[in-house]
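Asks: sequence first, predicted coordinates after that:
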Amino acid sequence: MGTRADSIDLLRGLAIVGMVLSGQMLWHSDLPAWLFHAQLPPPDFRFDPSVPGITWVDLVFPFFLFSMGAAFPLAMRRRLELKGESTAAVVAGIVQRWALLTLFAIALANLRPGMLASLPAPIAALMQLAAWGCFGALFLRFERLSAGQNRLMHGIGLAGLVLLLAGAKWLGGAAVSLHNSDVIILVLANMALFGSLAWLCTRRSPLARLGLLALLVALRTGVAVEGSWNEALWNWTPAAWLFRFDYLKYLCIVLPGTFAGEFFWQRMQRSEERPAARPRYVAGVVLLAALIVGVNMWGLFTRHLVATLATSIAAGLALRTLLRRDASETGTLNRRLFDAGLFWLLLGLCFEAYEGGIKKDHATLSYFFVTSGLASAVLVLANALMTDCGVRFGALVKCGRNPMVAYTAAGFLIMPLLTLAHLAPLLERFAALAPWTGVLRGVAVTAAVMGVTILFTNKKLFWRT
């Protein structure tokens with residue numbers, strides 16, 4: 001397996017590229033509803049929390065959360081068991097990561113284009129480019145520099161962000177505030193903190209982690225009871241800009257991800273001579289895993305619930321039977337991944353009728369577990385293609401290894417550069433020509449983002465917290 005789990009990087013890459021693409025496509029009333037969040041349907045794109053179902057857009061965030069959870073055992077066991085670091089040092093690293101991601105969330109939101117609208121477009125573009133440079137200074141670590149020099153660079157990046165935020169507020173009149181934050185990054189910051197600590201406390205007892213997950217689900221089911229202590233606790237926050245107890249619901253995706261990460265870690269401790277792949281076996285695994293993902297996306301969106309459940313069970317049992325034929329270490333990994341994933345998927349489908357059907361917003365218990373199951377199926381599919389067929393998925397894997405660069409490149413590098421080159425208006429006019437040209441705009445910007453991210457990854461310029 002090597003020193004990295006490439007299929008986890010691939011899952012993260014799919015998620016981050018999907019986030020960029022969904023955010024860069026222009027909304028048009030004539031486009032099909034499956035291109036957008038299920039609860040934001042065309043033609044008016046008004047948020048409607050009563051609409052059940054999921055689309056591919058609704059999978060990108062949970063796939064990222066699942067891959068985050070899967071990375072916890074790999075990263076922390078490497079530090080604890082291979083490098084011999086103390087638990088206290090690991091906890092200090094967890095807290096530092098949370099603080100940096102929180103800062104990242106606040107700076108991103110306060111320096112985004114909409115917040116700088118009062119400034120002339122070239123000035124706003126220059127400020128965003130400067131912010132991107134400060135992010136790089138804050139998150140990069142150069143091996144050729146000493147620890148002290150890296151800390152100095154990080155301090156310069158932090159000071160630069162503070163100056164940019166002050167300039168945006170006092171010179172440009174932007175409404176800079178701690179309460180402005182990128183909610184996706186803020187949720188990830190809290191998951192990095194609480195998910196890591198949850199794994200650390202239960203790393204020797206998977207059963208305890210399952211118990212923690214069960215308690216969280218039980219707490220979540222009581223939230224709808226008006227006046228209950230569940231409701232009071234769920235709505236509690238010490239500082240709304242920093243943490244809301246409600247964010248902990250996403251542990252229902254992160255914690256299942258940690259089990260997948262444990263399976264990868266155990267596989268990585270063993271070496272084997274992989275026998276030649278059997279074409280029919282690999283084709284069967286790929287087709288059945290893809291069928292499970294595709295049928296659930298289609299069936300839950302179109303509300304063919306019985307057909308979705310029946311097909312998921314039939315395809316799941318068939319895939320499980322097929323995976324049992326591979327007695328290798330990689331085969332064992334795939335079986336364990338899929339057994340857990342099938343459990344999460346069926347658990348989510350059993351919850352589907354609860355809370356009015358599966359929804360991303362407001363997120364339902366069904367959503368957490370169905371998406372965890374689908375993420376597991378994607379990992380099995382990726383393992384089959386990457387291990388048995390030699391398919392590398394290089395571009396997506398490299399984006400998955402450098403997600404912070406990919407997440408920021410569109411808004412803080414590519415679009416500011418197009419603005420300064422006077423090309424941004426041309427891009428927007430092209431996007432407005434027809435419904436699908438708005439989609440092509442998103443594809444073009446996403447391709448540019450991938451190019452930048454791949455370049456950084458090839459140069460080993462990783463943004464890390």
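Replies: Structure received.
Asks: drop to CA atoms for contacts and neighbour counts, all remaining ones
Replies: Will do.
Asks: any stretches of the stretch 251-400 of the chain with poor pLDDT?
Replies: 273-277 (pLDDT under 70).
Asks: element containing the residue nearest the centre of the chain, please.
Replies: Centre of the chain computed as the mean C-alpha position; nearest residue by CA atoms, centre = their mean is F64, 1.9 Å away. In this assignment (DSSP states H and E), F64 forms part of helix 57-77.
Asks: give the next helix or strand downstream of that helix.
Replies: helix 87-110.
Asks: tell me the mean pLDDT for that next one?
Replies: The pLDDT scores in helix 87-110 average 96.
Asks: sort out which residues of that helix are buried, please.
Replies: 90-91, 94-95, 97-110 (16 or more other CA atoms under 10 Å).
Asks: ok, the closest residue to F245 other than its chain neighbours - contacts?
Replies: By the measure of CA to CA, 6 or more residues apart in numbering, the closest residue to F245 outside its immediate chain neighbours is W234, 5.3 Å from it. Taking CA atoms under 8 Å, 6 or more residues apart in numbering, we find W234 in contact with R220, V223, R244, F245, D246.
Asks: mind checking pLDDT for the last one?
Replies: What it means is D246. pLDDT at D246 comes out at 95.
Asks: re earlier: mind listing what the residue nearest to the centre of the chain touches?
Replies: By CA under 8 Å, 6+ apart, the residues touching F64 are L11, R12, A15, I16.
Asks: was I right about the third one contacting V60?
Replies: When you say that, I think you mean A15. Yes. Using CA atoms under 8 Å, A15 is in contact with V60, at 4.4 Å.
Asks: hmm, back to that, now the helix holding F64, how far from the centre of its chain.
Replies: In terms of CA atoms, centre = their mean, to the nearest Å, the centre of helix 57-77 is set 6 Å apart from its chain centre.
Asks: how about it: buried residues?
Replies: 57-74, 76-77.
Asks: swap in stretch 207-217?
Replies: R209, L212, L213.
Asks: again with stretch 16-23
Replies: Quick answer for stretch 16-23 (16+ other CA under 10 Å): I16, V17, G18, M19, V20, L21, S22.
Asks: just stretch 355-371 next, same as before
Replies: 355, 357-361, 364-371.
Asks: who touches that stretch?
Replies: 38-39, 49-54, 58-59, 62-63, 217, 250, 252-253, 300, 344-352, 354.
Asks: now swap in stretch 163-179 and tell me
Replies: For stretch 163-179, using CA under 8 Å, 6+ apart, the contacting residues are 106-107, 110-111, 115-119, 127, 131, 240-241.
Asks: quick check: F243 vs W98, distance?
Replies: 11 Å (CA to CA, to the nearest Å).
Asks: joint contacts of the two?
Replies: N190.
Asks: gap between stretch 41-48 and the chain center?
Replies: With CA atoms, centre = their mean, you get 24 Å for stretch 41-48.
Asks: for that stretch, give the mean pLDDT please.
Replies: Stretch 41-48 comes out at a mean pLDDT of 94.
Asks: one more: stretch 8-17?
Replies: Stretch 8-17 comes out at a mean pLDDT of 98.
Asks: how far does it sit from its chain's centre?
Replies: 7 Å.
Asks: stretch 209-225 now?
Replies: So, by CA atoms, centre = their mean, the centroid of stretch 209-225 is 23 Å from its chain's centroid.
Asks: other residues contacting that stretch?
Replies: A198, W199, T202, S228, N230, E231, W234, K249, L251, C252, L255, L365.
Asks: what about the fourth one, distance to L216?
Replies: Translated: S228. Counting by CA to CA - S228 and L216 are separated by 15 Å.
Asks: what about R267, how many residues nearby?
Replies: 20 (other CA atoms under 10 Å).
Asks: actually T321, not the one I typed
Replies: 12.
Asks: just the one 3 residues further on next, same as before
Replies: Burial of R324, expressed as a neighbour count using other CA under 10 Å, amounts to 13.
Asks: ok, E352 to E272 distance?
Replies: Taking CA to CA, one finds E352 at 41 Å from E272.
Asks: between these two, which one's more packed in?
Replies: Between E352 and E272, counted using other CA under 10 Å, the more crowded position is E352 (23 against 10).
Asks: in which helix or strand would I find L138?
Replies: helix 121-139.
Asks: phi, psi of the nearest residue to M68 once chain neighbours are set aside?
Replies: Residue nearest to M68 in three dimensions, not counting chain neighbours: V254, with 6.8 Å by CA to CA, 6+ apart. When quoted as degrees, to the nearest 10, the phi and psi of V254 stand at phi -70, psi -40.
Asks: ok so, going back, and the buried ones among the contacts of stretch 163-179, selectable in ChimeraX?
Replies: Those of the contacts of stretch 163-179 that count as buried under 16+ other CA under 10 Å are selected in ChimeraX with:
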select :106,107,110,111,115,116,119,127,131,241
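Asks: closest one to V306 out of the contacts of stretch 163-179, please.
Replies: A240 (40.6 Å; CA to CA).
Asks: quick one, phi/psi of the closest one?
Replies: According to degrees, to the nearest 10, A240 has phi -60, psi -30.
Asks: where does it land on pLDDT?
Replies: Reading off the model, A240 has pLDDT 90.
Asks: related to what we said a few turns ago, PyMOL command to pick out the buried ones of the contacts of stretch 355-371?
Replies: With 16+ other CA under 10 Å as the criterion, this PyMOL line picks the buried residues out of those:
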select buried, resi 38+39+51+52+53+54+58+59+62+63+250+252+253+300+344+345+346+347+348+349+351+352
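Asks: which ones among the contacts of stretch 355-371 lie within helices?
Replies: Secondary structure from DSSP state H places 58-59, 62-63, 217, 252-253, 300, 344-350 of the contacts of stretch 355-371 in helices.
Asks: show me the helices in the stretch 201-350 of the chain, by range?
Replies: 206-221, 229-234, 251-268, 279-302, 305-323, 329-350 (DSSP state H, counting those that start in this stretch).
Asks: can you give the contact residues for the fifth one?
Replies: Helix 305-323 is contacted by residues 281, 284-285, 288-289, 291-292, 295-296, 299-300, 331, 334-335, 338-339, 342, 346, 349 when judged by CA under 8 Å, 6+ apart.
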